[in-house]
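> model this:
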Amino acid sequence: MKTILAVMLSLQVFANLPWGNLENVNATYSSPEGKATAKYLNLEGFGEYSSPELFVKNNEGILVFSFEDKKFEIDLSLFAVNDADNVKVKNLNLVNNKEKINLNFDSIYAKAALTDAKIHNVEFDCKREAIHDDMYGDLFQTCFTNSDIFFKRFDYYSEERSFKNFIDEKTNHTDIVVKNIEIHVKDERFNGKLESNLTFGIDVRFDGEVKYYADKQMVELKVDSVRASLFSIRSKVFKELDGNVPDNIVVDEPYIRIYIP
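Sure, this is the predicted structure:
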């Protein structure tokens, strides 16, 4: 469920993605600054370039790319980059136009003093049916109508805390491993599956509804089911979420309400 929540939160990131195309962006950041290359970029307000060499900084999870006197940003805070001293991005590609929003990359590695995160083979694909005036309305109407999300693998290690197993609460883990994540959203219904060491590798399947309320600037998830084989683990997941989410998120089983900052 943390993975589902993280993915839904990540859609906020899309609202700030630049319009245009990025191809084969590779970046290496070591505090306080790093370097990046791209095969091609053509971004609104930035310009069109082939094989530019860029500087990159990490601003609390937002990677700021600069070239000459121009800048653009990509928010990767979902991927544990926020306080990372070292970040590596391999083969990141972006298409953001009137037809779709597509962000994909081969891998991101982020290391901080007490945490270590790696994520491999990710793709977000939201198909546009219309363009709306409101930035967040446009984003959520697009992605909650027709989108597919894939993660091959996510590894997270922390020296500060352990993580309870959702099948056997007596078992604690020092890391989280999530594999083969699929999430499909169609007409405000979502369903998906994943594998995790927190369920001893048993497939986890989940489904529910997702809605955006423009008047409240709020995204609401109604989680109908979270199951690991024959085990219902929804209540355990909500218990783990309660008290471990940012202030703008309210957890009230079966609902998760995300208020846009």
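
> any idea which helix or strand comes after the helix-or-strand element of the chain with minimal mean pLDDT?
Across the helices and strands of the chain, mean confidence by mean pLDDT, DSSP states H and E is lowest for helix 2-14: a mean of 59. Per DSSP states H and E, helix 2-14 leads on to strand 20-30 as the next helix or strand towards the C-terminus.

> check contacts around residue 250.
Each residue near residue 250 by C-beta atoms under 8 Å, 6 or more residues apart in numbering is listed here: 256, 257, 259. Just so you know, the C-beta spots here come from the backbone N, C-alpha and C atoms, and that holds for glycine as well.

> same deal with residue 186?
With C-beta under 8 Å, 6+ apart, residue 186 has these contacts: 145, 146.

> Give me the residue ranges of the stretch 51-200 of the chain where confidence is low.
Along the stretch 51-200 of the chain, segments meeting pLDDT under 70 span 78-81, 133.

> What segments of it are strands?
Counting by DSSP state E, counting those that start in this stretch, the stretch 51-200 of the chain has these strands, from start to end: 53-59, 62-67, 70-75, 86-96, 100-111, 115-127, 146-158, 163-164, 172-173, 175-186, 189-196.

> and the ones you listed as TSV, adding distance to residue 29?
TSV is the format used below for those (distance: least, C-beta to C-beta, whole Å):
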stretch	distance to residue 29
strand 53-59	5
strand 62-67	7
strand 70-75	12
strand 86-96	4
strand 100-111	9
strand 115-127	14
strand 146-158	19
strand 163-164	27
strand 172-173	28
strand 175-186	23
strand 189-196	28
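
> Residue 241 is nearest to which of these?
Evaluated with C-beta to C-beta, the strands of the stretch 51-200 of the chain place strand 163-164 nearest to residue 241, the distance being 12.1 Å.

> Residues in contact with the closest one: which ones?
The contact list for strand 163-164 (C-beta under 8 Å, 6+ apart) reads 171, 172, 173, 174, 175, 176, 198, 240.

> What sits closest to the third one if chain neighbours are left out?
Closest residue in space to residue 173, ignoring its immediate chain neighbours: residue 163 at 4.7 Å, by C-beta to C-beta, 6 or more residues apart in numbering.

> same thing with the second one?
Beyond its immediate neighbours in the sequence, the residue positioned closest to residue 172 (C-beta to C-beta, 6+ apart) is residue 162, lying 4.2 Å away.

> Over to the fifth one?
Residue nearest to residue 175 in three dimensions, not counting chain neighbours: residue 157, with 4.3 Å by C-beta to C-beta, 6+ apart.

> now swap in the last one and tell me
In space, residue 240 comes closest to residue 164 once its chain neighbours are excluded; the distance is 6.7 Å by C-beta to C-beta, 6+ apart.

> follow-up on the earlier one: list just the nearest of the contacts of residue 250 to residue 69.
Nearest to residue 69 among the contacts of residue 250, counting by C-beta to C-beta, is residue 259 at 36.2 Å.

> Can I get the buried ones among the contacts of residue 250 as something I can paste into PyMOL?
In PyMOL, this line selects whichever of those come out buried by 16 or more other C-beta atoms under 10 Å:
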select buried, resi 256+257
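
> Dump the contacts of residue 250 to TSV, plus secondary structure, pLDDT and distance to residue 89.
Converted to TSV, the contacts of residue 250 look like this (DSSP: H, G, I helix; E, B strand; the rest coil; pLDDT from 0 to 100; distance: C-beta to C-beta, whole Å):
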residue	secondary structure	pLDDT	distance to residue 89
256	strand	91	29
257	strand	92	32
259	strand	86	30
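
> now the contacts of residue 250 in CSV, with distance to residue 115?
As requested, the contacts of residue 250 are exported to CSV (distance: C-beta to C-beta, whole Å):
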residue, distance to residue 115
256, 24
257, 27
259, 26
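
> Okay, the residue nearest to residue 172 and residue 111: tell me how far apart.
Distance of residue 162 to residue 111, given as C-beta to C-beta, to the nearest Å: 19 Å.

> repeat for residue 144
Taking C-beta to C-beta as the measure, residue 144 falls 34 Å from residue 111.
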